[in-house]
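Chemist: Have a look at this fold, sequence not included:
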């Protein structure tokens, strides 16, 4: 298949290095680093607050004949058994710690979830246990969020390095880069997919702490602002229609709205559960946490997170992976109809329903007639043959490119660009042998 397309003009020196950098990914990395930096700042602040409050010196309180001036000493005495009298000493110790335990930032971070706020405590010991557990939960979710976000930084660094090498390859092979799917690189696609999963997972944990929730909202607003500036203001000032590749870069700053709605649903569910839990324990003496722990040996938040991770894996990773692996069967099914029935195959609803969006959407909207659709299918079939021949010894790359042709391309021109780039790579490698 002979293809002709406008190529990249090779640039050397410092300008060449700058041109190889994917600035959209660099900006995304910088913004995520800022996001993680703010998370770490508040994580350290919460840790420092807990240490300061627990170690703060107060007016001495005598318990069991010993004077105590801070929470740390009382906790240590209870743990070692020095304070053990359940009648007087222990209630006094727990009551004293409750009066000293003022954690403004930690309590603010628990604002949306109110864990235990509506649950009465029969004893000072129960009240202190609840109080201490809440402080630990607030810190733990902030810590886990920051930890996952740090993994996200590592993933974004890998993406930036891989993108740099990819752009270097574009210039090396003199490829065309007009469309977003011009990068015919399965490994890069794979890294991006898992990076998105990690970043979304950090967002999930962030929404269990009000401080990190506000940080996420601020981060999203910044992304939407950048997207608006690129798509609306810059394009309008320049009076140009953004090329598909640049538009794709702009869209990379646009967070998934479904993620926002899902996380809001998590907050509503957790608050509702806490209220219902309070009603049950107050009016019926039933502890729903105990009931759920018997039915499911995990907490409600853990259950939500587990289900969400599974859902993300199914929708964002597993489904794509399955789609890529099943491409040989998809191609085989396509050929059965296309070779045996030719243009009449477009009269078969079951066949049309399995066609790439490029053809199916065109037929549905009426922008394509039967003859035009058949021309595209012919081109698609030729492209499949070309890809199969070019990557006969690399099944993963072959199946990925077939997946792109069947699911991601938006025009026949984009198909031409993908095939042109494959041809350029193959020609270059053949010349090196």
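Modeler: Yep, it's here. For clarity, every value in this text was computed on a predicted model and none was experimentally measured. Residues are numbered from 1 along each chain as shown.
Chemist: Tell me which stretches of the stretch 201-350 of the chain form helices.
Modeler: 210-228, 235-238, 244-251, 257-283, 288-295, 300-312, 319-325, 327-341, 349-352 (DSSP state H, counting those that start in this stretch).
Chemist: And the pLDDT at the spatially most central residue of the chain?
Modeler: In the chain, the residue lying closest to the centroid (CA atoms, centre = their mean) is residue 200, at 2.1 Å. You'll see residue 200 listed with a pLDDT of 80.
Chemist: On the pLDDT front, check the residue lying farthest from the centre of the chain for me.
Modeler: Going by CA atoms, centre = their mean, the residue of the chain most distant from its centre is residue 65, 55.6 Å out. Looking at residue 65, its pLDDT reads 90.
Chemist: got the phi/psi numbers for it?
Modeler: phi 80, psi 0 (degrees, to the nearest 10).
Chemist: From residue 338, how far off is residue 332?
Modeler: Using CB to CB, to the nearest Å, one gets 11 Å for the distance from residue 332 to residue 338. C-beta here means a position set from N, CA and C on the backbone, and glycine is covered the same way.
Chemist: Please identify which of these two sits among more neighbours.
Modeler: Using other CB atoms under 10 Å, the more surrounded residue of residue 332 and residue 338 is residue 338, with 21 against 9.
Chemist: contacting residues around that one?
Modeler: With contacts defined as CB atoms under 8 Å, 6 or more residues apart in numbering, residue 338 is in contact with 345, 377, 381.
Chemist: between these, which is closest to residue 133?
Modeler: Among the contacts of residue 338, residue 377 lies closest to residue 133 (CB to CB), at 61.9 Å.
Chemist: Please look at the closest one and residue 358 and confirm they touch.
Modeler: No. Residue 377 is not in contact with residue 358 according to CB atoms under 8 Å; the separation is 9.9 Å.
Chemist: Find residues that contact each of those two.
Modeler: With CB under 8 Å, 6+ apart, residue 377 and residue 358 have no common neighbours.
Chemist: where does residue 69 fall, phi/psi-wise?
Modeler: According to degrees, to the nearest 10, residue 69 has phi -120, psi 0.
Chemist: how much space between it and residue 427?
Modeler: As for residue 69, its distance to residue 427 is 80 Å (criterion: CB to CB).
Chemist: same question, residue 223
Modeler: 40 Å.
Chemist: neighbour-wise, which of these two wins?
Modeler: In this view residue 223 and residue 427 are compared by other CB under 10 Å, and residue 223 has more residues nearby, 18 against 12.
Chemist: Just confirm that one contacts residue 34, I think it does.
Modeler: No. Contact criterion CB under 8 Å: residue 223 and residue 34 do not qualify, at 11.5 Å.
Chemist: Looking at the protein, which helix is longest?
Modeler: Taking DSSP state H as the criterion, the chain has its longest helix at helix 124-173.
Chemist: For it, name the packing helices and strands.
Modeler: helix 13-20, helix 23-55, helix 89-100, helix 104-109, helix 186-206, helix 210-228, helix 412-432 (3 or more CB pairs under 8 Å, 6 or more residues apart in numbering; DSSP states H and E).
Chemist: tell me the angle of that helix relative to helix 210-228?
Modeler: Comparing the axes of helix 124-173 and helix 210-228 via axes from the mean of the first three to the mean of the last three CA atoms, to 10 degrees yields an angle of 30 degrees.
Chemist: centre of the chain versus helix 124-173, how much separation?
Modeler: Centroid separation for helix 124-173 versus its chain: 10 Å, with CA atoms, centre = their mean, to the nearest Å.
Chemist: Among the helices and strands packed on helix 124-173, show the one with the smallest mean pLDDT.
Modeler: What stands lowest among those, in mean pLDDT terms, is helix 13-20, with a mean of 55.
Chemist: okay, now residue 186: neighbour count?
Modeler: Neighbours of residue 186 using other CB under 10 Å come to 19.
Chemist: got it, and residue 161?
Modeler: Using other CB under 10 Å, residue 161 has 12 neighbouring residues.
Chemist: ok, it to residue 191 distance?
Modeler: Distance, residue 161 to residue 191, using CB to CB: 10 Å.
Chemist: cool, residue 199 as well?
Modeler: Residue 199 sits at a distance of 12 Å from residue 191 (criterion: CB to CB).
Chemist: Overlap in contacts, the two.
Modeler: Common neighbours of residue 199 and residue 191, counting by CB under 8 Å, 6+ apart, are residue 155.
Chemist: who has more neighbours, those two?
Modeler: residue 199 (21 against 18).
Chemist: Would you quantify the distance from the more buried one to residue 161?
Modeler: 17 Å.
Chemist: same check, this time on residue 341
Modeler: Distance from residue 341 to residue 161, by CB to CB: 48 Å.
Chemist: do residue 85 as well
Modeler: 63 Å.
Chemist: what do you get for residue 392?
Modeler: For residue 392, the distance to residue 161 - CB to CB - is 29 Å.
Chemist: same thing with residue 27?
Modeler: Taking CB to CB, one finds residue 27 at 16 Å from residue 161.
Chemist: How about the contacts made by residue 408?
Modeler: Taking CB under 8 Å, 6+ apart, we find residue 408 in contact with residue 181.
Chemist: and it, what are its phi and psi?
Modeler: Dihedral angles (degrees, to the nearest 10) for residue 408: phi -110, psi -20.
Chemist: Excluding covalently adjacent residues, which one is nearest to residue 160?
Modeler: Once flanking residues are discounted, residue 160 sits nearest to residue 25: 5.1 Å by CB to CB, 6 or more residues apart in numbering.
Chemist: Please name the residues that touch that neighbour.
Modeler: 156, 159-160, 163, 252.
Chemist: Give me the PyMOL select line for those residues, limited to the buried ones.
Modeler: Command for PyMOL, covering only those of those found buried under the criterion 16 or more other CB atoms under 10 Å:
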select buried, resi 156+159+160+163+252
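Chemist: Return the two entries of the contacts of residue 25 that lie farthest from one another.
Modeler: 160 and 252 (12.5 Å).
Chemist: Output the below-cut-off pLDDT ranges for the stretch 51-200 of the chain.
Modeler: Residue ranges of the stretch 51-200 of the chain with pLDDT under 70: 112-122, 183.
Chemist: let's see 90
Modeler: 64, 86-87, 106-141, 158-200 (pLDDT under 90).
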